[in-house]
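**Q** Below are the sequence and a predicted model; questions follow.
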Amino acid sequence: MTVQDIRAFNRFYTNVIGALDYSRHLYAPFTLTESRVLYELAHSPHTDAADLRCELSLDAGYLSRILNRFEQDGLIERAPSRRDPRRRQITLTARGRETAGLLAERADESVGALLATVPAADRPRLSEALHTVRTILSQDTDGHRPRPEDVVLREPGPGDLGWIVQRNAALYAAEYDFNADYEGLVARIVADFAEDHDPHLERVWIAELDGRPVGCVMCVRDDAPGTARLRLLLVEPDARGLRIGDQLVSAVVEFARGVGYHDLVLWTNDILGAARRIYQRHGFVLVAEKPHRSFGQDLVGQDWRLDLHGTGE
(Lines give C-alpha, C1' and ligand atoms only; values in the text may rest on other atoms or scores of the structure.)
Protein backbone atom coordinates (compact mmCIF):
# COMPACT_ATOMS: atom_id res chain seq x y z
CA MET A 1 0.00 0.00 0.00
CA THR A 2 1.41 3.38 -1.03
CA VAL A 3 0.25 7.00 -0.95
CA GLN A 4 -0.38 6.78 -4.68
CA ASP A 5 -2.66 3.75 -4.19
CA ILE A 6 -4.92 5.75 -1.89
CA ARG A 7 -4.83 8.85 -4.08
CA ALA A 8 -5.76 6.79 -7.12
CA PHE A 9 -8.69 5.27 -5.24
CA ASN A 10 -9.80 8.73 -4.07
CA ARG A 11 -9.81 10.03 -7.65
CA PHE A 12 -11.77 6.99 -8.79
CA TYR A 13 -14.36 7.16 -6.02
CA THR A 14 -14.98 10.91 -6.11
CA ASN A 15 -15.70 10.50 -9.81
CA VAL A 16 -18.05 7.56 -9.17
CA ILE A 17 -20.17 9.46 -6.62
CA GLY A 18 -20.09 12.74 -8.56
CA ALA A 19 -18.38 14.66 -5.77
CA LEU A 20 -16.75 17.15 -8.14
CA ASP A 21 -20.13 18.31 -9.48
CA TYR A 22 -22.43 17.34 -6.65
CA SER A 23 -25.15 19.92 -7.30
CA ARG A 24 -25.65 18.68 -10.85
CA HIS A 25 -25.32 15.08 -9.71
CA LEU A 26 -28.28 15.42 -7.33
CA TYR A 27 -30.13 18.13 -9.29
CA ALA A 28 -29.91 20.43 -6.27
CA PRO A 29 -28.23 23.82 -5.68
CA PHE A 30 -25.84 22.53 -3.00
CA THR A 31 -22.21 21.50 -2.98
CA LEU A 32 -21.13 18.24 -1.35
CA THR A 33 -20.02 20.17 1.76
CA GLU A 34 -23.31 22.07 2.01
CA SER A 35 -25.25 18.84 1.64
CA ARG A 36 -23.19 17.25 4.41
CA VAL A 37 -23.87 20.20 6.73
CA LEU A 38 -27.60 19.77 6.10
CA TYR A 39 -27.30 16.06 6.81
CA GLU A 40 -25.61 16.69 10.17
CA LEU A 41 -28.26 19.23 11.14
CA ALA A 42 -31.04 16.80 10.20
CA HIS A 43 -29.54 14.00 12.30
CA SER A 44 -28.25 15.95 15.30
CA PRO A 45 -31.07 17.89 17.01
CA HIS A 46 -28.74 19.80 19.37
CA THR A 47 -25.99 21.29 17.21
CA ASP A 48 -24.04 24.53 17.17
CA ALA A 49 -21.33 25.87 14.87
CA ALA A 50 -18.53 24.55 17.07
CA ASP A 51 -20.01 21.04 16.92
CA LEU A 52 -20.21 21.21 13.13
CA ARG A 53 -16.65 22.50 12.78
CA CYS A 54 -15.37 19.65 14.92
CA GLU A 55 -17.50 16.95 13.28
CA LEU A 56 -16.74 17.98 9.70
CA SER A 57 -13.25 19.50 10.16
CA LEU A 58 -14.35 22.70 8.43
CA ASP A 59 -12.71 26.12 8.45
CA ALA A 60 -14.71 28.45 10.72
CA GLY A 61 -15.05 31.14 8.05
CA TYR A 62 -16.17 28.67 5.39
CA LEU A 63 -18.77 27.15 7.71
CA SER A 64 -20.01 30.61 8.70
CA ARG A 65 -20.63 31.50 5.06
CA ILE A 66 -22.56 28.27 4.53
CA LEU A 67 -24.73 28.89 7.60
CA ASN A 68 -25.35 32.51 6.62
CA ARG A 69 -26.59 31.34 3.23
CA PHE A 70 -28.81 28.70 4.83
CA GLU A 71 -30.30 31.30 7.16
CA GLN A 72 -30.96 33.72 4.30
CA ASP A 73 -32.70 30.92 2.38
CA GLY A 74 -34.89 30.08 5.38
CA LEU A 75 -33.36 26.65 5.95
CA ILE A 76 -32.06 27.18 9.51
CA GLU A 77 -32.71 29.17 12.65
CA ARG A 78 -30.12 30.21 15.22
CA ALA A 79 -30.79 30.79 18.93
CA PRO A 80 -28.76 30.80 22.19
CA SER A 81 -27.74 27.28 23.17
CA ARG A 82 -29.34 25.81 26.28
CA ARG A 83 -26.09 24.02 27.07
CA ASP A 84 -23.91 27.12 26.76
CA PRO A 85 -25.43 30.63 26.29
CA ARG A 86 -22.18 31.74 24.64
CA ARG A 87 -22.94 29.43 21.72
CA ARG A 88 -25.68 29.57 19.10
CA GLN A 89 -27.79 26.47 18.58
CA ILE A 90 -28.64 25.74 14.95
CA THR A 91 -31.87 23.98 14.00
CA LEU A 92 -33.52 23.25 10.68
CA THR A 93 -36.75 25.01 9.83
CA ALA A 94 -39.65 23.11 8.28
CA ARG A 95 -38.28 24.14 4.89
CA GLY A 96 -34.82 23.00 5.93
CA ARG A 97 -36.10 19.57 7.01
CA GLU A 98 -37.96 19.22 3.72
CA THR A 99 -34.81 20.17 1.80
CA ALA A 100 -32.63 17.75 3.78
CA GLY A 101 -35.19 14.99 3.19
CA LEU A 102 -35.21 15.67 -0.55
CA LEU A 103 -31.42 15.57 -0.71
CA ALA A 104 -31.37 12.29 1.24
CA GLU A 105 -33.95 10.81 -1.12
CA ARG A 106 -31.96 11.80 -4.20
CA ALA A 107 -28.71 10.55 -2.67
CA ASP A 108 -30.38 7.21 -1.91
CA GLU A 109 -31.62 7.00 -5.49
CA SER A 110 -28.15 7.80 -6.82
CA VAL A 111 -26.42 5.18 -4.69
CA GLY A 112 -29.22 2.70 -5.42
CA ALA A 113 -28.62 3.15 -9.13
CA LEU A 114 -24.90 2.55 -8.59
CA LEU A 115 -25.56 -0.55 -6.47
CA ALA A 116 -27.94 -1.91 -9.12
CA THR A 117 -24.94 -2.31 -11.44
CA VAL A 118 -23.25 -4.64 -8.93
CA PRO A 119 -24.16 -8.34 -9.28
CA ALA A 120 -25.98 -9.68 -6.23
CA ALA A 121 -23.24 -12.24 -5.63
CA ASP A 122 -20.65 -9.47 -5.34
CA ARG A 123 -22.57 -7.25 -2.91
CA PRO A 124 -21.55 -9.01 0.34
CA ARG A 125 -17.90 -8.73 -0.72
CA LEU A 126 -18.34 -5.05 -1.54
CA SER A 127 -20.05 -4.41 1.80
CA GLU A 128 -17.27 -6.14 3.71
CA ALA A 129 -14.59 -4.21 1.81
CA LEU A 130 -16.27 -0.88 2.57
CA HIS A 131 -16.59 -1.82 6.23
CA THR A 132 -12.92 -2.83 6.38
CA VAL A 133 -11.76 0.51 4.92
CA ARG A 134 -14.01 2.47 7.28
CA THR A 135 -12.90 0.49 10.35
CA ILE A 136 -9.17 0.80 9.64
CA LEU A 137 -9.19 4.49 8.70
CA SER A 138 -11.56 5.58 11.48
CA GLN A 139 -8.86 5.06 14.07
CA ASP A 140 -6.96 8.28 14.69
CA THR A 141 -3.70 8.66 16.59
CA ASP A 142 -5.62 8.59 19.89
CA GLY A 143 -7.22 5.27 19.05
CA HIS A 144 -10.66 6.86 18.61
CA ARG A 145 -13.60 4.49 18.69
CA PRO A 146 -17.28 5.20 18.01
CA ARG A 147 -19.25 6.55 20.99
CA PRO A 148 -22.87 5.89 22.00
CA GLU A 149 -23.75 9.46 20.99
CA ASP A 150 -22.54 8.70 17.44
CA VAL A 151 -25.48 6.30 16.98
CA VAL A 152 -28.59 7.66 15.26
CA LEU A 153 -32.02 6.03 15.52
CA ARG A 154 -34.12 6.57 12.42
CA GLU A 155 -37.09 5.20 10.52
CA PRO A 156 -36.39 2.51 7.92
CA GLY A 157 -35.63 3.56 4.36
CA PRO A 158 -35.78 1.55 1.14
CA GLY A 159 -34.03 -1.78 1.62
CA ASP A 160 -33.88 -1.59 5.42
CA LEU A 161 -36.68 -4.09 6.01
CA GLY A 162 -34.85 -6.56 3.79
CA TRP A 163 -31.69 -5.84 5.77
CA ILE A 164 -33.53 -6.78 8.98
CA VAL A 165 -34.41 -10.19 7.54
CA GLN A 166 -30.94 -10.81 6.11
CA ARG A 167 -28.99 -9.80 9.21
CA ASN A 168 -31.24 -11.69 11.62
CA ALA A 169 -30.87 -14.85 9.54
CA ALA A 170 -27.11 -14.49 9.14
CA LEU A 171 -26.32 -13.57 12.76
CA TYR A 172 -28.53 -16.19 14.39
CA ALA A 173 -27.11 -18.85 12.10
CA ALA A 174 -23.54 -17.79 12.94
CA GLU A 175 -24.01 -17.30 16.69
CA TYR A 176 -26.67 -19.90 17.61
CA ASP A 177 -26.73 -22.25 14.61
CA PHE A 178 -30.38 -21.47 13.84
CA ASN A 179 -31.63 -22.97 10.58
CA ALA A 180 -33.68 -21.43 7.77
CA ASP A 181 -36.90 -21.73 9.80
CA TYR A 182 -35.82 -18.65 11.73
CA GLU A 183 -35.28 -16.65 8.54
CA GLY A 184 -38.78 -17.66 7.45
CA LEU A 185 -40.23 -16.43 10.76
CA VAL A 186 -38.45 -13.09 10.53
CA ALA A 187 -39.47 -12.68 6.89
CA ARG A 188 -43.15 -13.21 7.82
CA ILE A 189 -42.96 -10.71 10.69
CA VAL A 190 -41.36 -8.07 8.48
CA ALA A 191 -43.70 -8.76 5.55
CA ASP A 192 -46.76 -8.43 7.79
CA PHE A 193 -45.50 -5.07 9.01
CA ALA A 194 -44.66 -3.83 5.51
CA GLU A 195 -48.03 -4.84 4.06
CA ASP A 196 -50.34 -3.71 6.84
CA HIS A 197 -49.38 -1.58 9.84
CA ASP A 198 -50.80 1.45 11.62
CA PRO A 199 -48.04 4.13 11.60
CA HIS A 200 -49.60 5.76 14.66
CA LEU A 201 -49.40 2.57 16.73
CA GLU A 202 -46.61 0.52 15.14
CA ARG A 203 -43.06 1.44 14.23
CA VAL A 204 -39.61 0.20 13.24
CA TRP A 205 -36.31 1.78 14.30
CA ILE A 206 -32.96 1.39 12.55
CA ALA A 207 -29.80 2.20 14.52
CA GLU A 208 -27.26 3.82 12.21
CA LEU A 209 -23.55 4.33 12.84
CA ASP A 210 -21.19 5.95 10.34
CA GLY A 211 -23.90 5.82 7.69
CA ARG A 212 -24.65 2.09 7.96
CA PRO A 213 -27.35 0.15 9.83
CA VAL A 214 -26.05 -1.60 12.94
CA GLY A 215 -29.25 -2.47 14.79
CA CYS A 216 -33.03 -2.63 14.68
CA VAL A 217 -36.18 -3.21 16.68
CA MET A 218 -39.94 -3.26 16.02
CA CYS A 219 -43.02 -2.23 18.02
CA VAL A 220 -46.26 -3.82 16.79
CA ARG A 221 -49.77 -4.34 18.12
CA ASP A 222 -50.36 -7.52 20.07
CA ASP A 223 -53.58 -9.55 19.97
CA ALA A 224 -54.41 -8.51 23.55
CA PRO A 225 -56.19 -5.12 23.75
CA GLY A 226 -53.98 -2.24 24.87
CA THR A 227 -50.82 -4.31 24.45
CA ALA A 228 -47.81 -3.71 22.20
CA ARG A 229 -45.15 -6.29 21.32
CA LEU A 230 -41.41 -5.66 21.00
CA ARG A 231 -39.89 -7.73 18.20
CA LEU A 232 -36.61 -8.44 16.40
CA LEU A 233 -34.16 -6.56 18.60
CA LEU A 234 -30.74 -6.92 16.97
CA VAL A 235 -27.32 -5.27 17.25
CA GLU A 236 -24.43 -6.01 14.92
CA PRO A 237 -21.47 -7.70 16.68
CA ASP A 238 -18.97 -4.98 15.77
CA ALA A 239 -21.29 -2.29 17.20
CA ARG A 240 -21.94 -3.92 20.56
CA GLY A 241 -20.73 -2.12 23.65
CA LEU A 242 -22.24 1.22 22.57
CA ARG A 243 -25.54 0.67 24.44
CA ILE A 244 -27.39 0.46 21.13
CA GLY A 245 -29.68 -2.25 22.49
CA ASP A 246 -30.60 0.02 25.41
CA GLN A 247 -31.31 2.92 23.03
CA LEU A 248 -33.54 0.75 20.86
CA VAL A 249 -35.51 -0.68 23.77
CA SER A 250 -35.87 2.80 25.28
CA ALA A 251 -37.29 4.03 21.97
CA VAL A 252 -39.89 1.25 21.95
CA VAL A 253 -40.87 1.84 25.59
CA GLU A 254 -41.23 5.60 25.13
CA PHE A 255 -43.20 5.18 21.90
CA ALA A 256 -45.54 2.53 23.33
CA ARG A 257 -46.20 4.59 26.45
CA GLY A 258 -46.67 7.76 24.43
CA VAL A 259 -49.34 6.34 22.10
CA GLY A 260 -51.36 4.89 24.96
CA TYR A 261 -50.48 1.21 25.26
CA HIS A 262 -50.89 -0.25 28.77
CA ASP A 263 -48.50 -3.17 28.45
CA LEU A 264 -45.43 -4.05 26.39
CA VAL A 265 -44.63 -7.73 25.91
CA LEU A 266 -41.95 -9.76 24.14
CA TRP A 267 -40.94 -13.35 23.52
CA THR A 268 -37.31 -14.46 23.55
CA ASN A 269 -35.16 -17.47 24.38
CA ASP A 270 -33.04 -18.02 27.46
CA ILE A 271 -29.82 -18.34 25.44
CA LEU A 272 -30.02 -14.62 24.53
CA GLY A 273 -28.41 -13.46 27.77
CA ALA A 274 -27.36 -9.97 26.67
CA ALA A 275 -30.85 -9.16 25.38
CA ARG A 276 -32.49 -10.45 28.56
CA ARG A 277 -30.27 -8.20 30.68
CA ILE A 278 -31.37 -5.20 28.60
CA TYR A 279 -35.03 -6.09 29.12
CA GLN A 280 -34.48 -6.43 32.86
CA ARG A 281 -32.81 -3.02 33.06
CA HIS A 282 -35.91 -1.49 31.49
CA GLY A 283 -38.27 -3.11 33.97
CA PHE A 284 -39.50 -6.13 32.03
CA VAL A 285 -40.58 -9.05 34.21
CA LEU A 286 -40.38 -12.72 33.23
CA VAL A 287 -43.93 -14.12 33.33
CA ALA A 288 -43.58 -17.57 31.73
CA GLU A 289 -41.09 -19.94 30.13
CA LYS A 290 -41.42 -23.21 28.26
CA PRO A 291 -39.03 -25.61 26.48
CA HIS A 292 -39.54 -25.99 22.76
CA ARG A 293 -37.83 -27.31 19.64
CA SER A 294 -37.49 -24.57 17.02
CA PHE A 295 -35.03 -23.39 14.37
CA GLY A 296 -33.16 -26.70 14.61
CA GLN A 297 -32.37 -26.23 18.32
CA ASP A 298 -33.69 -27.24 21.75
CA LEU A 299 -34.59 -23.93 23.40
CA VAL A 300 -36.40 -22.45 26.37
CA GLY A 301 -38.82 -19.75 25.26
CA GLN A 302 -39.59 -16.89 27.62
CA ASP A 303 -42.42 -14.37 27.81
CA TRP A 304 -41.58 -10.98 29.32
CA ARG A 305 -43.93 -8.12 30.23
CA LEU A 306 -43.59 -4.43 31.14
CA ASP A 307 -46.39 -2.47 32.79
CA LEU A 308 -46.16 0.89 30.99
CA HIS A 309 -48.00 2.64 33.80
CA GLY A 310 -45.76 1.25 36.49
CA THR A 311 -43.32 3.21 38.60
CA GLY A 312 -40.42 3.02 36.16
CA GLU A 313 -38.73 1.27 33.29
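**A** It's in. Numbering: from 1, shown residues only.
**Q** part of a strand, is residue 300?
**A** Yes - counting by DSSP: H, G, I helix; E, B strand; the rest coil, residue 300 is located in a strand.
**Q** List the contacts of stretch 260-268.
**A** 201, 219, 222, 224, 226-231, 233, 252-253, 256, 275-276, 279, 284, 301-309 (C-beta atoms under 8 Å, 6 or more residues apart in numbering). Placement of C-beta: from N, CA and C, glycine included.
**Q** of these, buried ones?
**A** 219, 222, 227-231, 233, 252-253, 256, 275-276, 279, 284, 302, 304-306, 308 (16 or more other C-beta atoms under 10 Å).
**Q** Which is the succeeding secondary structure element to the helix or strand of the chain with the lowest mean pLDDT?
**A** Least confident helix or strand, the chain: helix 22-25 with a mean of 71, by mean pLDDT, DSSP states H and E. Of the helices and strands lying after helix 22-25 in sequence (DSSP states H and E), the nearest is helix 32-43.
**Q** So for that next one, what gets flagged as buried?
**A** 32, 34-39, 41-42.
**Q** Present those as JSON lines; the columns should include distance to residue 100 and pLDDT.
**A** Shown next, in JSON lines, are those (distance: C-beta to C-beta, whole Å; pLDDT from 0 to 100):
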{"residue": "32", "distance to residue 100": "14", "pLDDT": "84"}
{"residue": "34", "distance to residue 100": "11", "pLDDT": "88"}
{"residue": "35", "distance to residue 100": "9", "pLDDT": "87"}
{"residue": "36", "distance to residue 100": "11", "pLDDT": "87"}
{"residue": "37", "distance to residue 100": "10", "pLDDT": "87"}
{"residue": "38", "distance to residue 100": "5", "pLDDT": "87"}
{"residue": "39", "distance to residue 100": "7", "pLDDT": "86"}
{"residue": "41", "distance to residue 100": "7", "pLDDT": "84"}
{"residue": "42", "distance to residue 100": "4", "pLDDT": "83"}
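**Q** Could you export these as CSV, including distance to residue 85?
**A** Below are the buried residues of helix 32-43 laid out as CSV (distance: C-beta to C-beta, whole Å):
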residue, distance to residue 85
32, 33
34, 28
35, 30
36, 28
37, 23
38, 26
39, 27
41, 20
42, 25
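**Q** Please flag which of the buried ones among the contacts of stretch 260-268 sit within helices.
**A** 252-253, 256, 275-276, 279 (DSSP state H).
**Q** Between these, which sits nearest residue 205?
**A** residue 252 (7.4 Å; C-beta to C-beta).
**Q** How much space separates residue 54 from residue 35?
**A** With distances taken as C-beta to C-beta, to the nearest Å, residue 54 is found 19 Å from residue 35.
**Q** Need the per-residue pLDDT for the closest residue to residue 300 other than its chain neighbours.
**A** Distances taken as C-beta to C-beta, 6 or more residues apart in numbering put residue 270 closest to residue 300, at 4.3 Å, once the chain neighbours are dropped. pLDDT, residue 270: 92.
**Q** doesn't residue 298 make contact with residue 270?
**A** No - using C-beta atoms under 8 Å, residue 270 is not in contact with residue 298; the gap is 11.1 Å.
**Q** Low-confidence regions, the stretch 101-250 of the chain specifically.
**A** 138-145 (pLDDT under 70).
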